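Participant: build me a model:
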Amino acid sequence: MTSSAESSDGDHDVELNVIAREPLSSASEADGGAAVTEEMSPLLTQAEKPKINIFTLSYPRRKPGEEVIRSFEPEISAASQFILWVWSGSRYSGLMCMAISSTIYFTMEVVTDVFAVQPIPLFEAAFTRCMVILVLSYMWLRKVGQPLSGLGNVKNLLISRAFMGYLSLMSFIFCIQRLSLSQAIVLSLTTPIIASVVARFILHETYKVAEVGGLACSFFGVLFIFQQLLTTQDQHDEGKNTSVSGSGHIYAILAGLLSSITGGISYCLIRAGANACEQPLLTVFSFSLLASPAAGICLFSFEKFVFPSFYSLSLMLVLGVLAFFAEVFLARGLQLEKTSKVANVLYMEAALSQLWVIGSARIAPTFGRIFGCLLILISVFCTMYIGPDKED
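Facilitator: This next block holds a predicted model:
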C-alpha cells in the first residue's frame, strides 16, 4: 500500500494519504491523548488537593451563632476559672471556701437586719431553712449522678454528722431563747476552738504555734467585742429578768456549751465524711435529711405555727438558699484543709458583723469593738497568708 501510494497519482495519494493517516492520526491522537493525560494528571491531582483544603480545612463548619458566643468567651472563662480556683484549683482553696462561707453567713445577718418581717418562731425558721437545704442538696446530687445508697462505712459517718449537727442546732435554739443574744453568740463562737481540740483526737491532726496563736487571738478579739455588751446586759437583767436566773441560767449556759461541743464534733465528722466519700455535699444532705423532720416535730410540739406572709416566706426561702451555699462551702473547706486553720477563718463573720453594725450607726464605735475586730481580721489574714502546710 505504501508502494502504490508512491507510484500513483495525486488523487490516489491524497486518498491513500488520508487512509494511511487515519491510523497514524489515531495513533498520534492516542499518543497525544496519553501525553495529554499524563500532563493533566498532575494538574488534576493538584486541583484535588486544594479542593480538600478549601472545603475541609480552611473553612470549617460553624454554627450560625458561634461567632457571637465566642465574643463572650473571655468573661465566661474568667468566671469559671475563678470558681475552679476557689473550689479545687489552688492550694488555698480550703481557706477561700471557708472565707466565702463566713461571708455568706454575714450576708444572711445583713439581710435579716435590713428586711424586717413578722416574728417567726425559731423552730419554724429552722424547719424552713432545713427543707430548702434538703431540696437543693438532693437536686445537686442527682445532677452530678451521686448515688445515695451503697455508701458502706461512710454511711455511719454521715449519720453521726447529721445527729451531732442536729443536736448542736437544737441546743443553740434552747440557749438563745433563754440567754441574751450576746451571751449566746459568745458561747457559739467557742465552736472553732472546740473543733480544733476535738480534731486532735478524732482526726489525729497536729498543731503549730501559729495555728494555736491565731485561734487565741481571734477569740480574744471576740471577748473584746462583746465585753461591753455582756456587762451592760448583766446590769439590765439584774432586777427585771428572774426567769433565767439561778438554775435556769445554768441550764441555758450548759445548753450553749453542749451546742459548741457537738458543733465542734460535727465539724470533724464533716471533714472525715467528706474525705471518705469524696463528695462534701453528702454531709449537707445527711444533716438536712435528719434535721428537717426533727425540726418539724419540735415546731408542732413546742411552738405554735405562724402562717407567714408572702414577703416573710420569700425572705425565709432566700435565707435558706444562702444557708445552703454557706454549708456547701463550709463542708468543702473542711474537706480540703486542716480543721485548726479553717476554724480560725470562721471568726471573720463576727468581725464583719460588728463592722456592719458600727457602719450603720446602730452601735457607737468603741475602742474594745474596733480593737477586737482588728485582732480577728489580722489573725484571719495571717492564717490565709501563711496558707496550708507544705506537706499538704
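Participant: from now on I want contacts and neighbour counts done on CA atoms only, so please keep to that.
Facilitator: Noted.
Participant: could you report the pLDDT at the residue nearest the centre of the chain?
Facilitator: Note on the chain: the residue nearest the mean C-alpha position is residue 329, at 4.9 Å, using C-alpha atoms, centre = their mean. Looking at residue 329, its pLDDT is 92.
Participant: give the contact list for it.
Facilitator: In this structure, residue 329 makes contact with 97-98, 100-101, judged by C-alpha atoms under 8 Å, 6 or more residues apart in numbering.
Participant: which two among these are spaced furthest apart?
Facilitator: Using C-alpha to C-alpha, these span at most 6.2 Å, a distance reached by 97 and 101.
Participant: find the residues that touch each one of the two.
Facilitator: 329-330.
Participant: need the contact list for residue 351.
Facilitator: Per C-alpha under 8 Å, 6+ apart, neighbours of residue 351: 372-374, 376-377.
Participant: show me the two of those residues that sit farthest apart.
Facilitator: Farthest apart among the contacts of residue 351 by C-alpha to C-alpha are 372 and 377. That separation is 8.7 Å.
Participant: quick one: which of these two has more around it?
Facilitator: The residue with more neighbours, out of residue 372 and residue 377, is residue 372; 26 against 22, by other C-alpha atoms under 10 Å.
Participant: next up, the contacts around that one.
Facilitator: So residue 372 contacts 220-225, 351 (C-alpha under 8 Å, 6+ apart).
Participant: what's the spacing between it and residue 197?
Facilitator: Counting by C-alpha to C-alpha, to the nearest Å, the separation of residue 372 from residue 197 is 23 Å.
Participant: backbone dihedrals for residue 116, please?
Facilitator: phi -80, psi 130 (degrees, to the nearest 10).
Participant: any low-confidence regions in the stretch 1-150 of the chain?
Facilitator: Low-confidence segments of the stretch 1-150 of the chain (pLDDT under 70): 1-77, 79, 89, 149-150.
Participant: let's see that with 50 instead.
Facilitator: For the stretch 1-150 of the chain, applying pLDDT under 50 flags the ranges 2-30, 36, 43-74.
Participant: and the closest residue to residue 117 other than its chain neighbours, how many neighbours does it have?
Facilitator: Distances taken as C-alpha to C-alpha, 6 or more residues apart in numbering place residue 312 nearest to residue 117, at 5.6 Å, with adjacent residues excluded. Using other C-alpha under 10 Å, residue 312 has 17 neighbouring residues.
Participant: for the one 5 residues further on, same thing?
Facilitator: Residue 317 is surrounded by 17 other residues when neighbours are defined as other C-alpha under 10 Å.
Participant: what strand or helix carries it?
Facilitator: Here residue 317 sits within helix 310-336, counting by DSSP states H and E.
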